[in-house]
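Colleague: Got a sequence here, can you build the structure:
(one chain, ligands or ions: 1)
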Amino acid sequence: PPRGSLAGKHILVTSGPTHEPIDPVRYLANRSSGAQGTAIGAALRDLGARVTFVTGPASVPPPEGVEVIRVETAEEMRVAVEHALPVDAAVMAAAVADWKVKNASASKIKKDGCGRMPVLEFSENPDILAWLSRLSLGRPKLVVGFAAETDDVIAHATEKRLRKGCDWILANDVRPGTEIMGGTENAVTLISDQGVESWPRMAKDEVAARLAARISLALEGR
Ligand code: C5P
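Modeller: Numbers count the residues shown, from 1 in each chain. Got it, this is the predicted structure:
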């Protein structure tokens, strides 16, 4: 598509991991680098979209020329997403922590000197993708989710698309040895109501450009 094909469109991208505090100096995190989400933000910008980029503490810098909203936890990410609405499309590439620490401590947890270990309790974080996909008022025209899986990638991702109510899922295989998480390449399968389409392994920048082009076509109603 031509460079300006997303001009006038507002697109939300979530990216990076979330950090869930244990105490003021410790947190739970995951291995997401934010590389794929950052590439998607840049590719949408390059097609002329106005991009709101909500990012957790990623290890790569956010794209230039977009509105960057930095958050730390899943709950903060959900609030930032809500504030970014209305949008024409949303690409939820963040690796949101499934759980937060329910009994996070306001002060640094100390060793008790008797060898007793702290016990962490968890509670579920909001599922931002599912929440956004099921909004009755102000749902984006197109909601794209990711599914990082280690086995039965397509079956799990197909089930996830239906369960969460998003329009497209980009599924990827993040088994150890694929060097996808934290790497520069990705191999994704696009799952929609039109079926299943596996893309060859390519640079994350190219995945992003291809996805941006598809989004541009979808928002034109083709
Ligand atoms: O269920 P799972 O975490 O594998 O789903 C992945 C997709 O859901 C990604 O698009 C991710 O950004 C989104 N997600 C979310 N909020 C959560 C968990 C996942 O938006 N709490």
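
Colleague: Is the ligand within reach of stretch 15-23?
Modeller: No: applying Cβ under 6 Å from any ligand atom, one finds stretch 15-23 separated from the ligand by no less than 8.2 Å. From N, CA and C alone the C-beta is placed, and that goes for glycine too.

Colleague: biggest strand in this protein, by residue count?
Modeller: Using DSSP state E, we find that the single longest strand of the chain is strand 142-149.

Colleague: can you give me the angle the helix or strand following it makes with strand 142-149?
Modeller: Remark: after strand 142-149, the chain's next helix or strand is helix 153-164, criterion DSSP states H and E. Per axes from the mean of the first three to the mean of the last three Cα atoms, to 10 degrees, the angle that helix 153-164 makes with strand 142-149 is 140 degrees.

Colleague: Mind checking what helix or strand follows helix 153-164 in sequence?
Modeller: strand 168-173.

Colleague: and the longest strand of the chain, which strands flank it?
Modeller: When pairing is defined by DSSP bridges, strand 142-149 lines up against strand 89-92 (parallel), strand 168-173 (parallel).

Colleague: so what strands line up beside the helix or strand just after the longest one?
Modeller: This means strand 168-173. Of the helices and strands lying after strand 168-173 in sequence (DSSP H and E), the nearest is strand 185-186. Strand partners for strand 185-186, identified by DSSP bridges, are recorded as strand 202-203 (antiparallel).

Colleague: Show me what from this protein comes close to the ligand.
Modeller: 14, 74, 92, 94, 96, 125-129, 145-147, 160.

Colleague: any idea which of those residues is closest to residue 64?
Modeller: Residue 64 has its nearest neighbour among the residues of the chain next to the ligand in residue 14, at 18.1 Å by Cβ to Cβ.

Colleague: List the buried residues in the helix or strand hosting residue 208.
Modeller: Using DSSP H and E, residue 208 sits within helix 204-219. For helix 204-219, the neighbour count (16 or more other Cβ atoms under 10 Å) marks 204-209, 211-212, 214-216, 218-219 as buried.

Colleague: before we move on, what about stretch 140-159?
Modeller: 140, 142-149, 153-154, 156-158.

Colleague: do stretch 166-176 as well
Modeller: In stretch 166-176, counting by 16+ other Cβ under 10 Å, buried: 166-174.

Colleague: Which residues does it contact?
Modeller: 92, 129, 133, 142-151, 153-154, 156-158, 160-161, 180-181, 186-193, 207, 211 (Cβ atoms under 8 Å, 6 or more residues apart in numbering).

Colleague: Extract the C-alpha set from that stretch and format it as CSV.
Modeller: C-alpha atoms of stretch 166-176 as CSV (Å, rounded to 0.1, in the frame of the first residue of the first chain):
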residue,chain,number,x,y,z
CYS,A,166,-10.4,-10.5,18.6
ASP,A,167,-10.5,-10.4,14.8
TRP,A,168,-7.1,-11.6,14.0
ILE,A,169,-4.5,-13.5,15.9
LEU,A,170,-0.8,-13.6,15.0
ALA,A,171,0.5,-16.9,16.4
ASN,A,172,4.1,-17.6,16.9
ASP,A,173,6.1,-20.4,18.2
VAL,A,174,8.3,-19.4,21.1
ARG,A,175,9.8,-22.8,21.9
PRO,A,176,13.4,-22.5,23.2
